[in-house]
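A.B. asks: what follows is a predicted structure for the sequence shown.
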Protein chains: 2
Amino acid sequence: MTESETATSHAPGSRSRGGRQARQAQRVGRQPPRIIAGIRRQIPTYDLLSEEGLTRIEAAIDEILKEIGIDFRGDPRALELWRDAGADVQGERVRFDPGLVRAIIKRTAPSSFTHHARNPARSVAVGGEHLVFAPAYGSPFVHDLENGRRYGSIEDFRNFVKLAYMSPWLHHSGGTVCEPVDVPVNKRHLDMVYAHIRWSDKPFMGGVTAEDRAEDSIALAKILFGEDFTDKNCVIMGNINANSPLVYDGTMSRALRAYARANQCAVVVPFILGGAMGPVTNAGAIAQSMAEAMVGVALTQLERPGAPAILGNFLSSTSLRSGSPTFGTPEPALGSLVVGQLTRRLGVPLRCSGAFTASKAADAQAMQESAVSMLAALQCGANFILHSAGWLEGGLVMSYEKFAMDADFCGAMHTYLAGLPVDDNALALDAFHEVGPGKHFFGCAHTLRNYETAYWDSDVSDNNSFEQWRDAGEKTHTQRAHEKWRSMLRNYEAPAIDPAVDEALKDFIDRKKAAVGDMWH
Amino acid sequence: MTESETATSHAPGSRSRGGRQARQAQRVGRQPPRIIAGIRRQIPTYDLLSEEGLTRIEAAIDEILKEIGIDFRGDPRALELWRDAGADVQGERVRFDPGLVRAIIKRTAPSSFTHHARNPARSVAVGGEHLVFAPAYGSPFVHDLENGRRYGSIEDFRNFVKLAYMSPWLHHSGGTVCEPVDVPVNKRHLDMVYAHIRWSDKPFMGGVTAEDRAEDSIALAKILFGEDFTDKNCVIMGNINANSPLVYDGTMSRALRAYARANQCAVVVPFILGGAMGPVTNAGAIAQSMAEAMVGVALTQLERPGAPAILGNFLSSTSLRSGSPTFGTPEPALGSLVVGQLTRRLGVPLRCSGAFTASKAADAQAMQESAVSMLAALQCGANFILHSAGWLEGGLVMSYEKFAMDADFCGAMHTYLAGLPVDDNALALDAFHEVGPGKHFFGCAHTLRNYETAYWDSDVSDNNSFEQWRDAGEKTHTQRAHEKWRSMLRNYEAPAIDPAVDEALKDFIDRKKAAVGDMWH
């Protein structure tokens, strides 16, 4: 598999085997982007709560599931599966005895799995110590410094697929990287999945907005990977939102079951803004989110035992002045740490947080909030971080500049995740003996041996002197990010694809598009 | 003491006793700024290294101290103190048997102490679970959006003292908040200490650039607090830099001893840029920093056993492309976590990190880097965080806009430090019973009971809708920060001071200034 590449490429002394040279080569030429297929964390998780706190939240989860329950609306098959599993089904309301949902998950849900890419070197491990960065998802608008804020198009969509392909720090192509609103709603999933397959070779996600769109997405994956391989391996993911509080609507639960039925990964994620779809206090919102997500993950196992699934979390706070959602604030950062602890006790992979912000501009607020929220994602032990790059304006906007800044920050986070090695080389005692008091370390043997791999070196941040920065035009981080993504797109070259596969994909899409009329909402 | 105010004001359900109302009152009128005298952390530390890693670093510290040693240059009294304490002194080189320095510290250095303010309600606890935010320190330049980058003046100095006084989130007035370069070098300390005393009532720091300037600063503190009180209590701090690697020059060690002799707090902090004043690998730089800082703290105890002292840390990485120092990168963030672990084993208060950045503008890079670096400071268990607000351009610039953004971020960090309570109210089970599946929580009893205190609410960030933001002029975070500090200064009113004390302070300063000529470098 893939994690060893990352694990060694970030261990001290091994990046010198090509990491830095490869990055420099990449800056000047059109080499295919460096392959980092996910990353293996070498830092511990940051555990906020004591055993007592966790146990109290787990008891609250049990009470919510037993006494209030969850509605499955418009999906009789889901109710049938729950009835067969021993839940109490009355109308569309399903209630669960304490331990039932947890037992279903623990019995068959995999603790980790491989999410395959069409380029096998880019397949990623999901679960355990592994972590995958994927771009932001679902914005109707896009923004860049030159053209401003506008609805997303299929051209923007392709651009973001290409940018994610070009960034070594994003391991995954994502899903709805922006809404291509110039494509009919009922046909978007076809163009989106095709773009991921054709313009990238990283793993990707499919459509979820209707059961048949999920099935179309999986059908395209089968053309790419083969029927048999797809039945035995995870080659596509679907991102499934609960309709919080405590409801799954049939569209979502049917799409969830379509992915599970095909042995593909459902990412099950409640979307809770405290005070609106959940309580304003963190512990209660966490209990609700876990209850909803656990029931969704358990449903994947009822549909097909052993199907890969990811438990997702998306908690946000609310501005008390305006009622608007807020992002990158302290409360959800703390919440992520607790969700991580609870999810590890369940033993399933976790999707959590992202480069969140409520800012309307790719500015200081945006990166402050995103840093807070991304660090929480890393520290909580998340395995799949959707929304790692591009997110702006509470998810309404996919920003080109924010994308370049966030991707660079994901690069910094690769170094963070590599931890702090303590070995003879790192302790540098030979350097102290060589240099001694009052001298400098510039030319000592230890520095020469280590300097090429010593520190994270950003492609977007400016660390030069004031005079150098002034003479280079006094550019802000945002302006440099603008130049960065433009240069990435300029240097983009599509990865090769088997022409027969490409034909088959296009043929499937053409037939599907011809079979029905266009829907625009 | 003081921590209880903060501890309770951030506990759920208690902020409603006035916190929010007080903040709103403060927005509109000229009430004295809300008093938060330090904060008590209710989150665990984030412990990066295992026992084995810590033990290896401690062994490296011992080896550096024993085999290489530390030079004390131009301070015979320091050498005498070390000789008497059993160290091996040869010329100006001092070598220490393993365990000697640690034993001196553990014997008499206080694990925590009170740093008194002239307003007793603003005195802060230093050590243990307590944390103090203080503004940035030492910049020759200042910057604001209107007037650009320029040398700092005594007027700028006073402005930053007033701004720190106005912010509820900064608990301390700091020291050299910027260099007032329009005042002669040998008289600056007098005007600086006076500004802290007169224009704020928060705790402060004094001069360190010569032994007699340290003594002048302490003399001013004695006029304010009284001779006897000052001899028994910490009323002023001095920030002492080691001359890394492995050197204390006499200016610094004499100033250190002056503070200790007066029973005042020396903050002992090596300043190490990896690759220049220390090795390029984190573990070695940490060992060096700890060795230097431990020796400085031990010297305070040799000068006066029981004197308060803070062990400081200032690690930074270097850009491998330009050789410039970098800030807010992953390596020093991880380093802070380890320094926290090691310092807790020594049992002394820790100064660590700050709102660091290498950015030349108060932009996205600045706040990304500052957020990474401040979160590490909180998570590593730092007790005194100098450079919490205003730091720009690697410390060369004190920025008015960055100050406002950072102070607001310190506010967010108050909420972060309050942790995640798990009690009946926080678990909100009554809300789930009241609301049920598919409904919203806007008007439920639990929301009404909690919404005023539920979430951190920034004064600088914009969480409004795109349309509201656009109609308000499409301001960036930096532009809003500009308005924020202007309004803080406009609303500033000086705290009262006893006119007799004020006269005595001025009289002392006048006499001192008259006694010697001006020095300009």
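C.D. replies: Sure thing, it's come through.
A.B. asks: so which bits of the stretch 51-200 of chain A are right by chain B?
C.D. replies: Within the stretch 51-200 of chain A, the positions adjacent to chain B are A:52-53, A:56-57, A:60, A:63-64, A:67-71, A:93, A:149 by Cβ under 8 Å from any Cβ of the partner chain. No exception for glycine: its C-beta is placed from N, CA and C like everyone else's.
A.B. asks: show me those residues that map onto helices.
C.D. replies: Secondary structure from DSSP state H places A:52, A:53, A:56, A:57, A:60, A:63 of these in helices.
A.B. asks: now the fifth one: closest residue in space, sequence neighbours ignored.
C.D. replies: What that stands for is residue A:60. Counting by Cβ to Cβ, 6 or more residues apart in numbering or on different chains, residue A:60 lies nearest to residue A:287, which is 4.0 Å off, once chain neighbours are set aside.
A.B. asks: how far off centre is the host helix or strand of that neighbour?
C.D. replies: Here residue A:287, judged by DSSP states H and E, is contained in helix A:282-303. Centroid separation between helix A:282-303 and its chain, computed with Cα atoms, centre = their mean, to the nearest Å, is 19 Å.
A.B. asks: so it versus helix A:51-63, what angle?
C.D. replies: 60 degrees (axes from the mean of the first three to the mean of the last three Cα atoms, to 10 degrees).
A.B. asks: return the alpha-carbon coordinates of helix A:282-303 using PDB.
C.D. replies: Provided in PDB are the C-alpha atoms of helix A:282-303 (Å, rounded to 0.1, in the frame of the first residue of the first chain):
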ATOM      1  CA  ASN A 282     -21.200  21.400  22.600                       C
ATOM      2  CA  ALA A 283     -21.600  18.200  24.500                       C
ATOM      3  CA  GLY A 284     -25.300  17.800  23.400                       C
ATOM      4  CA  ALA A 285     -24.500  18.700  19.800                       C
ATOM      5  CA  ILE A 286     -21.700  16.000  19.800                       C
ATOM      6  CA  ALA A 287     -24.100  13.400  21.300                       C
ATOM      7  CA  GLN A 288     -26.600  14.200  18.600                       C
ATOM      8  CA  SER A 289     -24.100  14.100  15.800                       C
ATOM      9  CA  MET A 290     -22.600  10.800  17.000                       C
ATOM     10  CA  ALA A 291     -26.100   9.300  17.300                       C
ATOM     11  CA  GLU A 292     -27.100  10.300  13.800                       C
ATOM     12  CA  ALA A 293     -23.800   9.300  12.200                       C
ATOM     13  CA  MET A 294     -23.700   5.900  14.100                       C
ATOM     14  CA  VAL A 295     -27.100   5.000  12.800                       C
ATOM     15  CA  GLY A 296     -26.100   5.800   9.300                       C
ATOM     16  CA  VAL A 297     -22.900   3.800   9.500                       C
ATOM     17  CA  ALA A 298     -24.900   0.900  11.000                       C
ATOM     18  CA  LEU A 299     -27.400   1.100   8.100                       C
ATOM     19  CA  THR A 300     -24.500   0.600   5.700                       C
ATOM     20  CA  GLN A 301     -23.700  -2.700   7.600                       C
ATOM     21  CA  LEU A 302     -27.400  -3.800   7.500                       C
ATOM     22  CA  GLU A 303     -27.400  -3.200   3.700                       C
END
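A.B. asks: find the centremost residue of chain A, please.
C.D. replies: residue A:386 (1.9 Å; Cα atoms, centre = their mean).
A.B. asks: for the helix or strand harbouring residue A:190, name the packing helices and strands.
C.D. replies: For residue A:190, the host element (DSSP H and E) is helix A:188-199. Judged by 3 or more Cβ pairs under 8 Å, 6 or more residues apart in numbering or on different chains; DSSP states H and E, helix A:188-199 is in contact with helix A:154-166, helix A:211-225, helix A:499-515.
A.B. asks: what would those helices look like in TSV with mean neighbour count?
C.D. replies: Formatted as TSV, those follow (neighbours: other Cβ atoms under 10 Å in any protein chain shown):
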stretch	mean neighbour count
helix A:154-166	23
helix A:211-225	22
helix A:499-515	13
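A.B. asks: buried set for stretch A:177-195?
C.D. replies: A:177-181, A:183-195 (16 or more other Cβ atoms under 10 Å in any protein chain shown).
A.B. asks: end-to-end on that stretch?
C.D. replies: When the termini of stretch A:177-195 are compared using Cα to Cα, to the nearest Å, they are 11 Å apart.
A.B. asks: now swap in stretch A:412-429 and tell me
C.D. replies: 27 Å.
A.B. asks: and the ones in helices among the residues of the stretch 51-200 of chain A next to chain B, which are buried?
C.D. replies: Here, 16+ other Cβ under 10 Å leaves A:53, A:56, A:57, A:60, A:63 buried among those.
A.B. asks: got a list of what the second one touches?
C.D. replies: Put plainly, it is residue A:56. With contact set as Cβ atoms under 8 Å, 6 or more residues apart in numbering or on different chains, residue A:56 has these partners: A:283, B:422, B:427.
A.B. asks: please enumerate the strands of the stretch 51-200 of chain A.
C.D. replies: In the stretch 51-200 of chain A, the strands defined using DSSP state E, counting those that start in this stretch lie at A:70-73, A:88-90, A:93-95, A:112-115, A:124-127, A:130-133, A:141-144, A:148-151.
A.B. asks: could you list every helix and strand that the last one packs against?
C.D. replies: Other elements packing on strand A:148-151 under the criterion 3+ Cβ pairs under 8 Å, 6+ apart are strand A:141-144.
A.B. asks: what sits up against the strand it packs on?
C.D. replies: A:149-153, A:156, A:178, A:362, A:392-393, A:396-401, A:482, A:485.
A.B. asks: out of these, which end up buried?
C.D. replies: The buried subset of these - by 16+ other Cβ under 10 Å - is A:149, A:152-153, A:156, A:178, A:362, A:392-393, A:396-401, A:482, A:485.
A.B. asks: before we move on, which element is residue A:407 in?
C.D. replies: Assigned by DSSP H and E, residue A:407 belongs to helix A:400-417.
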